[in-house]
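> could you look at this predicted model? Sequence included:
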Amino acid sequence: MTGAKCEISSKMLLAGTLLLALAATASAVKEVPITNMVAIAGEATYMPCDITTPEPMDAVVLVLWYREDLGTPIYSVDGRDKNFSQAERWSAENVFGSRAYFISDRNPAELGIDSVKVTDAGTYRCRVDFKVAQTRNSKVNLTIIVPPQRIVITDEVGTERVSVVGPYVEGSKLILRCDVFGGQPVPKVRWLRNDVVVQSSSPRRKKQSPGGVVSAEILIDQLDRKDVHSELTCQAINNNKTAPLSASVHVDMNFRPLNVLILGANQPLSAGRRYDLLCQSSGSRPPATITWWRNGQRLTKSKETTSNDGNTTTSTLSFTPSKEDEGHYLSCRAENPHLSADALEDGWKLEILYIPEATIHLGTSLSPDNIREGTDVYFDCRVNARPAAYKVEWRHNGKPLNHNTAAGVIVSNQSLVLQKVGRNSAGNYSCVGFNTEGDGESDAFFLDVLYAPTCRPSQPRVHGVAKQERARIQCNVDANPVDLKFRWTFNNSADSVDVASAQMTHSGTQSWLTYTPMTELDYGSLLCWASNKVGSQRLPCVFHIIAAGRPDQVHNCSVLNSSTHSFSVSCTEGFNGGLPQSFLLEVRETATQELAANATAPNSPKFMLGGLKPGTSYRAFVFSVNAKGKSEPVVLHANTLRLPEKQLTTSESDRPRSGLKLTPTMSVLVGVAAALLVVALVACAVLRSQCPSRDRPKNRANQQGGVDGGSCSIGLGLLEKTGSSTPTTLKLEPLAAMGAVSDCSPPDGADEKDPDIIPQPCIDPDEVAFMRHRQLVSTIDTTPPHGRSSHIPPPGQFAGYCTLRNGGLGLRDLNTMVEMQPTGYSQCTLPRPHHSPWGGPPGPSVQLGPPMVQYGSRYAPPPVVPPSAKAELTPVPSQFEDDLSEAPLVTKRESTV
């Protein structure tokens, strides 16, 4: 019995213990804390589990994780047989597998789960067993959220839009729909317009496959310009842990142009000037297309530019208006090619300014082909201009023609009158109109003035021709028209003869005559006449045929620009002897007479010489040369500059000192000696001046003739030949002693009483008769030179030298004579060259004056000896005979015409 009672008692004790344990467990279960956690699918989450104990000697033995829907642990940390830091971990493969791990060093400890799934959602319990303390339990309610997966925006026709919707036209309606796919819990969908929530959006749920689709629409009844580029955003959100899922589109719109304007319109334009016209249009989207039109015709020379914001379009037209554009309508049109709206247009009626258009008209009563000298001519000028011309100018051959009544030029408004026109009036006439745009000149009207022939100036009038030499004489005339007839006549002292037509030819305004003088009577004047339909030549062209000779000397020579190695020579040419001449320069050293340089000048006697020695004296000989020979030379003296000297500076002590010292006493003596010398020189001069006065009465009766004024005491004599073939006995005597020049002093020594009277030379009456006789004698040389001449007259010595029957004009006047009368010729003589031919070293020396005849080493002007003058010939020293034997002389024979 007792055993049975004990067994019953033990069973009752065990049952009570179980009841107490169950009661404690129940109370404990009721007191387990719960933590709510939210995790985003695909992300990691950490569920807390408190494993701390208040007992200092206590420790964790076992940690178990349960899921409410499963009866067995899904994760454990077993540290019963080892240190808890080395506890063994286990995870159920059908729940977390390798995605779960326990972190014990955190407070509280956590169970980490990577990449949570939707199926991981639920309630989890963590059980912790200690060595001493009671077991502890805690729960975690894990919620898994799935964000929305995708948003699709579609337009009215169901087309998916990604970034841009449109383009829309201003005032049109916009409807967009947003479809949101996925999301747990169901996401909220909304529309934003430029980041501002649109209240009219209406989301609605569509029952579809798991995950479903949530849609929302936005409606804008009327789009405005401000809606362009506006951003419409669709947002979907179902939690506060992740950013909302959104998609945005931008509204694209097309606008018609708001305005179009031509900049600087309604202004007058100048014809012929290029303009860059600007037309601007703004408000069009895309930029407007601008076109230019003129009277409905499109202009193509334009280019467009667009502003940076694309709102303004500028078109530039390169336009050059013409006079014909006056009154045309110029416009520019702006339109949006993407819209069917009408284009905007701006324009204006063109006002064209142009320079005057002038036309010149000859008087209606005049024939332009029959205007002769002396006719009155008038022109009219018609001007078309905008603005009107304020001035009209007349031009003749491009030069302005001013009002000049004295010259027969009358300008009246737009008319021109030319009174008694001449040949100088011929040429191109034009009128010029002036306005603010410029000046316009008319086409030139050529005024052709008909006139009878006249001799053309600046023709060679003197022709030097030798006997039996064929000469071709050219006659040039001015005439209009040039259909001319020519005739030639020959005049001499005897008669006037018409030249046969076989000897002449002509072409246009020129006629050529072939003429050959056979005798001396064939020297004279050739007269050339021409005629046309207007009339005959009133005054002929006169050409003088003379016997050709050597040219005259040059004159007015000077030496210029002297330097150390060069100098230049400039002269004036003389008469050419009837033939073309050139010029020759020879330069010789004065000391040695060696030829240093020579030069030729074909046109004018101007020379430049270089390469000379510095500091040297030279003599320059200038010749005139033609086909008949050389002239006598003109001799010039020239010196080249010395080279600069080198000067060495020395000290005052090194300079040589003079041995003579000038004392005060010596200075006084030198002054007295100089004063005595001056007094002596003055006395000699007074006595010298009185000597010629005593000899004048004695020589006055014997003085006859003169040479260029003569001189009473030049110390030279006159050379005269005593025979034609035998050696000549010469005597040097003073010119005054030979009676060559008469002094014409007042009688009875009046000059001694009045020393202020200057003696004047006089010519003996016989000498005058001799000179007159020479004017009637032709000095044509008919024989070759032989022997030696008794005297050598210088060129230009006798004023009566001229061509045959030339009216008494000198040779130098022939080239300047323009017109001559055919009758009234006077008889005179022809100048013949009678100087010595030049050869070898220079003999006679001539320098800017009459020719000089060399006597020994001296020079004197050769005297003219009239027939009445007779000189006594006496022997002279051999030195002078040698000098005179070398002087070249020419024998001439006189023959009368």
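Done, it's in.
> so where's the stretch 551-700 of the chain shaky on pLDDT?
For the stretch 551-700 of the chain, the stretches with pLDDT under 70 are 646-662, 691-700.
> and Arg294, how many neighbours does it have?
Arg294: 17 surrounding residues under other C-beta atoms under 10 Å. Every residue, glycine included, has its C-beta placed from N, CA and C.
> please disregard the earlier target; I meant Val213.
19.
> may I ask you to confirm that it is in contact with Gly183?
No. Applying C-beta atoms under 8 Å as the test, Val213 and Gly183 come out as separate, 9.6 Å apart.
> and the strands in the stretch 501-650 of the chain?
504-507, 510-515, 525-531, 541-546, 555-560, 567-572, 582-589, 595-601, 606-609, 617-626, 629-630, 634-639 (DSSP state E, counting those that start in this stretch).
> helices or strands up against the longest helix along the chain?
As assigned by DSSP state H, the longest helix anywhere in the chain is helix 664-700. Secondary-structure packing of helix 664-700 (3 or more C-beta pairs under 8 Å, 6 or more residues apart in numbering; DSSP states H and E): helix 750-753.
> can you pull the contacts of Pro167?
252-254, 338 (C-beta atoms under 8 Å, 6 or more residues apart in numbering).
> in strands, which of the residues you listed appear?
Those of the contacts of Pro167 mapping onto strands are 252-254, per DSSP state E.
> show me which residues of stretch 299-307 are buried.
299, 302 (16 or more other C-beta atoms under 10 Å).
> I meant stretch 72-90, not that one.
Here stretch 72-90 shows 73-79, 84, 87 as buried, counting by 16+ other C-beta under 10 Å.
> what's the end-to-end length of that stretch?
Distance across stretch 72-90, first residue to last, is 13 Å (C-alpha to C-alpha, to the nearest Å).
> what sits up against it?
Outside stretch 72-90, the residues that reach it (C-beta under 8 Å, 6+ apart) are 59-67, 91-92, 95-96, 100-102, 104, 111, 124.
> rerun that using 7 Å as the cut-off
59-67, 91-92, 95-96, 100, 102, 111 (C-beta atoms under 7 Å, 6 or more residues apart in numbering).
> now, these that are in strands?
60-67, 91, 100, 102, 111.
> by neighbour count, which of those residues wins?
Neighbour-wise, these (other C-beta under 10 Å) top out at Val63, 25 neighbours.
> let me know the secondary structure of the closest residue to that one other than its chain neighbours.
Distances taken as C-beta to C-beta, 6 or more residues apart in numbering place Val77 nearest to Val63, at 4.1 Å, with adjacent residues excluded. Put simply, Val77 is strand when judged by DSSP: H, G, I helix; E, B strand; the rest coil.
> measure Val77 to Ile51 for me?
Going from Val77 to Ile51 by C-beta to C-beta, to the nearest Å gives 9 Å.
> give the residues shared as contacts by these two.
Val63.
> angles on the backbone of the nearest residue to Ser566 once chain neighbours are set aside, please.
In space, and not counting its chain neighbours, Ser566 is closest to Gly610: 4.1 Å by C-beta to C-beta, 6+ apart. Per-residue torsions, Gly610: phi -140, psi 180 (degrees, to the nearest 10).
> and Gly610, how many neighbours?
11.
> again with Pro460
14.
> one step back: how about a markdown table for the strands of the stretch 501-650 of the chain, with distance to Ser493 added?
Shown next, in a markdown table, are these (distance: least, C-beta to C-beta, whole Å):
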| stretch | distance to Ser493 |
| --- | --- |
| strand 504-507 | 23 |
| strand 510-515 | 18 |
| strand 525-531 | 10 |
| strand 541-546 | 13 |
| strand 555-560 | 32 |
| strand 567-572 | 33 |
| strand 582-589 | 34 |
| strand 595-601 | 39 |
| strand 606-609 | 41 |
| strand 617-626 | 27 |
| strand 629-630 | 29 |
| strand 634-639 | 36 |
